[in-house]
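Novice: Here is my input, please return the structure:
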Amino acid sequence: MASGLPVVVSRVNGFIAHSYEDFVEKLRRLLESPRLREFMSAEALRYTQSMDLTETYLDVEHVVVIPGKKPRTYTVGRTRFYELSSFGLIGGYRFFSFVKEINRIIEEEKLDVVELGGTYLLVPFLKRKNYLLSVFYHADAKREIELMPMPSPFKKMLLNHVFERCLKKADLLLVPTEKYKREFDALGFENVYYAPMGVDTELFNPSKRDFYLKKTLGSGREEIFTPICGQAERRKGHKNPPASL
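Specialist: Model prediction:
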């Protein structure tokens, strides 16, 4: 990939084959579409050239804590993963069974920064010591709570808990849109920073679309093709999720 070649096994800018037949099919796409080969190879080279691997970042170690079906620990590169016991939620999500395990890991690892990327409801239960707490507000709490099947007074109480007991306790509140930043600024929040999701408009550009690729995906030449990376749900603004897919 670093040589600027289109690849079939890259998780970054290439195809991933899950079987022999899948490998042959994806290789056929590359062979039959010069535009696709050119696009993927250029983007693969651009990605590797943009990676900053200076000594400043080589000493940084990451600890990732995620909910799993059973506890286990493993290491990938300089990142140590902790999968903790959890229970299932609606939509295929999972949530931690015991917050004390998270506090134990934070204390043992002596972390400098703790970032909550999947939930902010853990904030009131974390033992705050010598670390910076960052929360990534990736979902609209107002929309999610409004869709919950509960009386309006309880919704108001829950929303107040999320804003006052959770989000305002963070040292940094990262938001993916300028709309969220304006809303939090208006509510008197401090330390709110706009952190875009990183969509590269040079990469995701309509002028670079490949009609052969649309054909292989079953879409006509003149049809509007809109991929959705993630679940199509009402809480994300999709009024009719099945139709959205």
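
Novice: How many residues are close by Ala141?
Specialist: Using other C-beta atoms under 10 Å, the number of residues around Ala141 comes to 17. Bear in mind the C-beta positions are built from the backbone N, C-alpha and C, glycine included.

Novice: which stretches of the chain have low pLDDT?
Specialist: Within the chain, the segments meeting pLDDT under 70 span 1-18, 34-60, 91, 198-211, 217, 220-221, 225-245.

Novice: ok, which stretches of it are strands?
Specialist: For the chain, strands defined by DSSP state E occupy the ranges 62-68, 72-76, 79-88, 94-96, 113-116, 132-136, 172-175, 192-194.

Novice: Please identify the deepest-packed of those strands.
Specialist: strand 172-175 (a mean of 20; mean count of other C-beta atoms under 10 Å).

Novice: name the helices or strands packed onto it?
Specialist: Other helices and strands packing on strand 172-175, by 3 or more C-beta pairs under 8 Å, 6 or more residues apart in numbering; DSSP states H and E, are strand 132-136, helix 178-186, strand 192-194.

Novice: Which residues outside it are in contact with it?
Specialist: Strand 172-175 has contacts (C-beta atoms under 8 Å, 6 or more residues apart in numbering) with 132-137, 167, 181, 184, 189, 191-195.

Novice: What pairs with that strand, parallel or antiparallel?
Specialist: In its sheet, strand 172-175 lies beside strand 132-136 (parallel), strand 192-194 (parallel), with partners assigned from DSSP bridges.

Novice: Turn those into a markdown table, columns for distance to Phe95.
Specialist: Converted to a markdown table, those look like this (distance: least, C-beta to C-beta, whole Å):
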| stretch | distance to Phe95 |
| --- | --- |
| strand 132-136 | 16 |
| strand 192-194 | 25 |
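
Novice: Out of those, flag the one nearest Val24.
Specialist: The stretch from these with the least distance to Val24 (C-beta to C-beta) is strand 132-136; that distance is 39.6 Å.

Novice: how about the CA coordinates for the closest one, as CSV?
Specialist: Coordinates of each C-alpha in strand 132-136 appear next as CSV, following Å, rounded to 0.1, in the frame of the first residue of the first chain:
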residue,chain,number,x,y,z
LEU,A,132,-7.9,14.9,31.9
LEU,A,133,-11.4,13.8,31.1
SER,A,134,-12.5,14.2,27.5
VAL,A,135,-16.0,13.3,26.1
PHE,A,136,-16.8,12.9,22.5
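
Novice: sorry, back to before: quick one, which of the helices and strands packed on strand 172-175 gets closest to Pro151.
Specialist: Going by C-beta to C-beta, the one of the helices and strands packed on strand 172-175 nearest Pro151 is helix 178-186, 24.5 Å.

Novice: got a list of contacts for the closest one?
Specialist: 137, 140, 167, 173, 175, 192-194.

Novice: next one: stretch 101-121
Specialist: Counting by C-beta under 8 Å, 6+ apart, 63, 65-66, 71, 80, 82, 84-85, 95-96, 122-123, 125-127, 129, 131-138, 162, 166-167, 170 sit against stretch 101-121.

Novice: Same question for stretch 63-74.
Specialist: Residues external to stretch 63-74 that are found in contact with it (C-beta under 8 Å, 6+ apart): 79-86, 94-96, 101-102, 105, 109, 111, 118.

Novice: redo that, cut-off 7 Å
Specialist: Contact with stretch 63-74 is made by 79-86, 94-96, 102, 105, 109, 111, as judged by C-beta atoms under 7 Å, 6 or more residues apart in numbering.

Novice: Please apply the same query to stretch 86-99.
Specialist: So stretch 86-99 is contacted by 67-68, 84-85, 102, 122, 125, 231 (C-beta under 7 Å, 6+ apart).
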